[in-house]
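K.L.:
with the input below, show me the fold.
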Amino acid sequence: MPRRWIFSKEETKPVPPTVKSELRRAIYDMVGQRVRQLVRQVQGVGVYRVEWDGRDEHGRRVSSGVYLGRLEAGAFGQTRKMLLLK
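P.N.:
Next up, the predicted model:
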């Protein structure tokens with residue numbers, strides 16, 4: 001059964017209603033290397049849900065461990081630690 005990570009609403013950041021910006025969501029390992037780019041597109045106002053299935057850019061399952069989830073929207077950026085358990 002595949003594991004999925006859901007970025008919770010606690011990570012949702014409000015965007016002014018008239019603004020569209022490029023939204024980027026990526027997963028990095030603890031060395032800072034990108035494991036997978038989940039989202040990279042211009043989006044307007046709204047609530048978005050992003051799931052990660054625990055795979056890298058090539059579709060291979062990654063190992064259990066600590067990863068960094070990075071969210072960037074316009075000038076805003078936030079990084080959170082996450083633990084993947086299999």
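
K.L.:
report the central residue of this structure.
P.N.:
Arg25 (3.7 Å; C-alpha atoms, centre = their mean).

K.L.:
next helix or strand past the worst-scoring helix or strand of the chain on mean pLDDT?
P.N.:
When each helix and strand of the chain is scored by mean pLDDT, DSSP states H and E, strand 5-6 comes last, with a mean of 46. Beyond strand 5-6 on the C-terminal side, the first helix or strand identified by DSSP states H and E is strand 21-28.

K.L.:
other SSEs contacting that following strand?
P.N.:
strand 34-43, strand 65-73 (3 or more C-beta pairs under 8 Å, 6 or more residues apart in numbering; DSSP states H and E). Where C-beta positions appear, they are placed from N, C-alpha and C, glycine not excepted.

K.L.:
on that earlier part again, ok, the residue nearest to the centre of the chain to Gln41 distance?
P.N.:
Distance check for Arg25 against Gln41: by C-beta to C-beta, to the nearest Å, it reads 10 Å.
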